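A.B. asks: starting from these lines, generate the structure:
(2 chains)
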Amino acid sequence: MNAAFDIKSLVQEIDYGTPASEAEQQVTLTVDGKSVTVPAGTSIMRASMEAGVEIPKLCATDMLDSFGSCRVCLVEIDGRGGTPASCTTPVGEGMVVHTQTDRLNAIRRGVMELYVSDHPTGWNEKAGTGASEFDKVAKTVGLTENRYGIEGRNHVKQEDGVAPGHGSLAVDYIARDESNPYFTYDPAQCIVCSRCVRACEEVQGTFALTIEGRGFESRMVAGMHEDFIASECVSCGACVQACPTDALREKSVLAKGLPERSAVTTCAYCGVGCSFKAEVKGDEVIRMMPYKEGKANHGHSCVKGRFAYGYATHKDRILSPMIREKVTDPWREVSWEEAIAHTAKEFRRIQYQYGRTAIGGITSSRCTNEETYLVQKLVRQGFRNNNVDTCARVCHSPTGYGLGQTYGTSAGTQDFDSVEFTDVAVVIGANPVSAHPVFASRLKKRLRQGAKLIVLDPRRTEMVKSAHIEAAYHLPLKPGTNVAVLTALAHVVVTEGLFDEAFIRERCDWAEFQDWASFVALPENSPEIVGKLSGVDPELIRGAARLYATGGNGAIYYGLGVTEHSQGSTTVMAIANLAMATGNIGRPGVGVNPLRGQNNVQGSCDMGSFPHELPGYRHISGEAVRDIYESLWGVKLDDEPGLRIPNMLDAAVDGSFKGIYIQGEDILQSDPDTKHVAAGLAAMECVVVHDLFLNETANYAHVFLPGSTFLEKDGTFTNAERRINMVRKVLEPKARYADWEATQELARAIGLDWNYRHPSEIMDEIAKTTPSFAGVSFELLDRVGSVQWPCNEKAPLGTPIMHIDGFVRGKGKFIRTEYVATDERTGPRFPLLLTTGRILSQYNVGAQTRRTENVMWHAEDRLEIHPHDAENRGIRDGDWVRLASRSGETSLRALITDRVSPGVVYTTFHHPDTQANVITTDFSDWATNCPEYKVTAVQVAPSNGPTEWQRDYNEQARQSRRIAPLEAAE
Amino acid sequence: MIPRIYIPGDSGALALGAEKVAKAIEKELADRGIEAKIVRNGSRGAYFLEPMVEVATADKGRVAYGPVKPSDVKSLFDCGFLTGGYHKRWLGAPDKIPFLAKQTRLTFARCGVINPLSLDHYKAHGGLKGLQNAVAMAPADIVKQVTESGLRGRGGAGFPTGIKWKTVLETTADRKYIVCNADEGDSGTFADRMIMEGDPFVLIEGMAIAGIATGATKGFIYIRSEYPHAVAVMRKAVEIARGAGLLGLNVLGSPNAFDMEVRVGAGAYVCGEETSLLDSLEGKRGQVRAKPPLPAHKGLFGKPTVINNVISLASVPIIMDKGAAFYKDFGMGRSRGTIPIQIAGNVKYPGLYEAAFGMTLGEIVDDIGGGTATGRPVKAVQVGGPLGAYFPRALFDTPFDYEAFAAKDGLIGHAGIVVFDDTADMLKQARFAMEFCSIESCGKCTPCRIGSTRGVEVLDRLAQSIEPEKQIALVTDLCNTMKFGSLCALGGFTPYPVMSALNHFPEDFRPTPVAEAAE
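C.D. replies: Residues are numbered from 1 along each chain as shown, chains lettered A, B, ... in the order given. Alright, predicted model coming up:
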């Protein structure tokens, strides 16, 4: 194993000081007598580091453009006067650089002496960790004294007094800011290097920090001289990571000391799949540090991955298996052996009593590929049916279907790096600033470089307008009209002759294109007609279509606003059509990119979690494919697709489905029509929930198996760009078993001969049986970091961009996308349209983030409503309102904002109290059953507080979470 | 012929009461029922004679009177000043006044002579010939002519203007800019202001030539907020120039597009440093950028940008009119052409003196400036603004030339010189330099941000005789750190006044201890 991943030591990354140069031309120079060759445009600082000569630095770090303010990195160059800064001076051919001379040492010492004269160090006071970059540089330059003394003007001391020479009170002191739950800002230790400010601008793109004042009065402040928590800061941690002193430092580090060891792993929140160094001391995670070599995030992070890991040790976590006879009983803690034996016995009983197909399983998009593979294997090999499904059912199943039909693969076409070559980005039904923040930062960086942005969203999201970003076009379409608007965009492309004929003739079926073109050109698909039903100005549609078709590399990024509709699959195909028609497929900068919600939702789909597909998206009816598994697993597989989640619940209500093994998913909170889900679960005889917490679904469970966090296991996650990233164990499982081990115990208990000793062996089996994973192994991932599937003989290091020389299915397929309005319509009783989404600080059903300090930012779900609609109903900001649909009602507090259009209301679903899915209907995508979360006709009215349902539900939840006290030993 | 009276509208003259004089003359004309045209010209630069009123007479040409006080007006009329009659303020023909007669006026030829906002006057006095020549030339040829003239940046750094232009010309970009640095903040300097108020079209012409020469189509003049009169004149002049086809899509009817606008600073000295000026123009806080990249490659809004001082740009039209050789013929060594020396401080004859490079400092101070205004001996002269070195009499043989001053650890900067008599305390002057730096520091680089504040504190301890040798050693080290460690000239040049004061006037740095109280 690579030493960098050995959890026994602390992973140290080299900071080259300035970003790498992309230039092809090479330049050779000499640094302190060592010859080094680097790309033209490289800084002397970076070239020196590559030659093994570390030049002291404070304001430079390789995540940021050079700045040249600290003046400790000065060098001398033969033939040039002065002492240029090595961070801002590019290399030159034949340059002879000296980094250590008496003159340079004197200047460096002089500068450091000035620094410490205004820093606790110079006052012989302990500051922060005592091991910051600043502390190290002070030692490196040999600084021994502060001849300026401590009587002068300074930012260190709180006492007022007369500063000698200035005749004014010492008003320079700013108190420490502890307002952020995760980090501290101590202005006394700040050296005004601007690394935090630049990280906030260049890396994160939020522009929350600034330097206030000038000269000696320069101070870093958040917002308009506010506390961090009150400012625009989104707590991504980039500033803390950038700080060379301990002015900005994780509270966990200040409280518990520096970490001792670490391993590189992958974040378990969203589908971006950021790489982190999980830094540990004893058996406790001290902090999560973004890993620069991580190919999805390149060293950046968001508030969730960086800081919100506290749920792993939250008191709510269940660490012992539990069982109960009836769901009205309190839980009884039992041994793993008893819980597993009980479950196996119950499943066997149910199958005996109600039939082979009366049980099933749900794989988790939060667990590893290996764990997901095992759950579907348990169902197919052990339960001997195909009743396996996953939460992708409710999010991106239309992506799999739509892209599979048109292109031949069920995944995004690009890597995230592709965005660096994009000229026009189209964001449809997604708000990456909140839901995929690290990708949003990369997109915003490209937009600041001049790329154009088109946003299709009912809401004026943070993407539409933020610091230095403004969409060229925002099409605020009515929820449910995606297909109409996308077809209207195609109408403009076709009727104005903006399509890429050469691309289409070469890559697609020309006859199919002509058929499609004649369809989209119909007058009813024109922006003028579609504008009326979608509420979008036809000129915006025309302008956006022209920009996408003619503005250079066009890339489409979309989210659940596309898929969670009755025409979700049609919308995905409309997107695919548009990209093909304009030739925006098969090279960097273009493509169709689903922004996947969960860390491993791509992987769970890849691993055969759907009832009709074996791993690698191969249909269960295929004999050759079944053969592979039948010969390996030694059983005959059912050749008929099994039940999808909604079908399982329907069957349960009907009495033919009685037992389920749910790993890491909370279907009661996340699936639509909560009451129907509850009814289905209540009708089952053995519900097994395998999770970290007693989630909402567990209220209906008979067996609870304690889960393990991503910190407690080895494995892989596959992110939205098909990238297979390593998950590495940094802590022992708190509940004894990693999830794959628990599944294996269950499999053995029902008689399967499973003997995996390590998840790498599971991956070996996946590779052996799945062509697109044929080249994947833990050994390869340790060696190269990560790969994007397909990874096999043809692409030994994976495939960053797909469909380069032709579509996977052969010819790209144009499919007609007729707009069919959803059956969910507004009327006099339900005149408003509800759509749902996420916010930055919370994640999905909130099981994890609600158990962290992130609740400071979002303690409850609020209903966004336009001022007109609010005024008509007599609703004021913050009022409790009743939100009712044909399915049910709930209540929550209103937030009045014009980010939503009149007629549209919006909420998040992070808190179980809100129960937003009581409202949503059972309408779903025609092809995949993906629920129509994004369109529900509702009425909103003032209310006194929570509804009866909410109160009843809370009481039931409280009752069902009781755990019986252990009987005292005699 | 209606008499024509010239009363300067120049800020310096206004400060000396020109407005009151103008009002008094208007009133007197009305009272006497005399019809006359009052022209508000710029200043010719002899400030010891301001407000200097001139009358254009039929037979004697222009006749000057000064310095005129409002109380003089009545008697001026009584003495027949409208026809050049004698009065105690009579100065005769202005171009015969020795201070003016001895100058070599190339850049300032029209300043104080013409109506600043009359394009006709401008043309009648040789204006626009340079631009007319330029529009008929290839850009590279214009750049070549400016290069061959030997013109160097008059802002202080003395970088060859033609080479800067060549870099911008040869950098391809969809857009380029000409930025004129009119943030004239050095103590004792006023050349930029004078030319903007007295001959704005020469600057516009120079910028248009720069635009055509480099392929830039847009110009900005960044004027310090302390120059409201210059801002007003330049804004009007740009409007007039645009109306007359000097600016716009077709400069002088040629296919070259060039337009410009005036922007006003917000009171930061450091914004006279070219990169922080660019940040300020972009709407950011005025903070120095590290170089490279040079503004010529990545300047305003990241585009190739010529950023030149007012006087550099205003010197271009005459070079394009009379040729490189004509201009280059003036001066010495590598300092070619003329330099508008601004003489200020404790001096008998303060004012602007344009001359070829090469006069000695002594000639300028003693002969032209006439020594101190107080009549006491000259102790020191600070050349080049607040960051320039203090020169003692011993160095008065230094010729006014970039290299000669550098050789004596000094700089000519923007050519402002401030004279001090023997009552000046050079320790206080050194402290002032540090204090100035601490007030004006942008705060980006550490030597300047913290060093200047510490410099004040160390010099204060020195003034109190607290361990003087230790303080002198510390301030010497600090100056070394600031000089070689600072990002821009503000922190980097502050050591010049400090160390020159310390080196040339050591006695001021070892003050006699306060006598102990008698027992």
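A.B. asks: break the chain into its domains for me.
C.D. replies: With no chain named, the answer covers chain A. A:26-140, A:322-395+A:600-788, A:399-456+A:499-594, A:832-959 (automatic domain parsing).
A.B. asks: correction: the question concerned chain B.
C.D. replies: Using automatic domain parsing, chain B is parsed into the domains B:4-101, B:119-327, B:334-421, B:426-509.
A.B. asks: I'd like the ones you listed as CSV, with distance to chain A, mean neighbour count and mean pLDDT appended.
C.D. replies: Just so you know, the C-beta spots here come from the backbone N, C-alpha and C atoms, and that holds for glycine as well. Below are the domains of chain B laid out as CSV (distance: least, Cβ to the nearest Cβ, whole Å; neighbours: other Cβ atoms under 10 Å in any protein chain shown; pLDDT from 0 to 100):
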stretch, distance to chain A, mean neighbour count, mean pLDDT
domain B:4-101, 27, 19, 96
domain B:119-327, 3, 22, 96
domain B:334-421, 11, 21, 96
domain B:426-509, 3, 23, 96
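A.B. asks: which of the ones you listed sits closest to residue A:962?
C.D. replies: domain B:119-327 (59.8 Å; Cβ to Cβ).
A.B. asks: I'd like the distance between the residue lying closest to residue B:41 once chain neighbours are set aside and residue A:43.
C.D. replies: Among residues not flanking residue B:41 along the chain, residue B:6 sits closest, at 4.6 Å (Cβ to Cβ, 6 or more residues apart in numbering or on different chains). Applying Cβ to Cβ, to the nearest Å, the value for residue B:6 to residue A:43 is 58 Å.
A.B. asks: equivalent analysis for residue B:431, please.
C.D. replies: Distance of residue B:431 to residue A:43, computed by Cβ to Cβ: 38 Å.
A.B. asks: about what we covered before: what's the closest of the domains of chain A to chain B?
C.D. replies: Closest to chain B of these, according to Cβ to the nearest Cβ: domain A:26-140, at 3.0 Å.
A.B. asks: element containing residue 131, please.
C.D. replies: If you meant another chain, say so; for now it's chain A. If you go by DSSP states H and E, residue A:131 is not part of any helix or strand.
A.B. asks: that's the wrong chain, I wanted chain B
C.D. replies: helix B:129-135.
A.B. asks: who does that helix touch, helix- and strand-wise?
C.D. replies: Under the contact criterion of 3 or more Cβ pairs under 8 Å, 6 or more residues apart in numbering or on different chains; DSSP states H and E, helix B:129-135 touches helix B:200-214, helix B:316-322.
A.B. asks: and the contacts of the helix or strand following that helix?
C.D. replies: Downstream of helix B:129-135, the first helix or strand assigned by DSSP H and E is helix B:139-149. Helix B:139-149 is contacted by residues B:134, B:137, B:160-163, B:165-166, B:169, B:209, B:212-215, B:316, B:319-320, B:323-325, B:327-328, B:336-337 when judged by Cβ atoms under 8 Å, 6 or more residues apart in numbering or on different chains.
A.B. asks: again, only this time at 7 Å
C.D. replies: B:134, B:160-163, B:165-166, B:169, B:209, B:212-215, B:316, B:319-320, B:324, B:327-328, B:336-337 (Cβ atoms under 7 Å, 6 or more residues apart in numbering or on different chains).
A.B. asks: can you check stretch B:311-321 too?
C.D. replies: Contacts for stretch B:311-321 (Cβ under 7 Å, 6+ apart): B:106-107, B:126, B:129-131, B:133-134, B:142, B:145-146, B:149, B:151, B:153-155, B:161, B:180, B:191-192, B:195, B:202-203, B:205-207, B:209-210, B:327, B:337, B:340.
A.B. asks: repeat for stretch A:756-773
C.D. replies: With Cβ under 7 Å, 6+ apart, stretch A:756-773 has contacts from A:368-370, A:373-374, A:615-616, A:628-629, A:632, A:714-716, A:740, A:744, A:774, A:776-778, A:789-792.
A.B. asks: go again with 8 Å.
C.D. replies: A:368-371, A:373-374, A:606-607, A:615-616, A:628-629, A:632, A:713-716, A:724, A:740, A:744, A:774-779, A:789-792.
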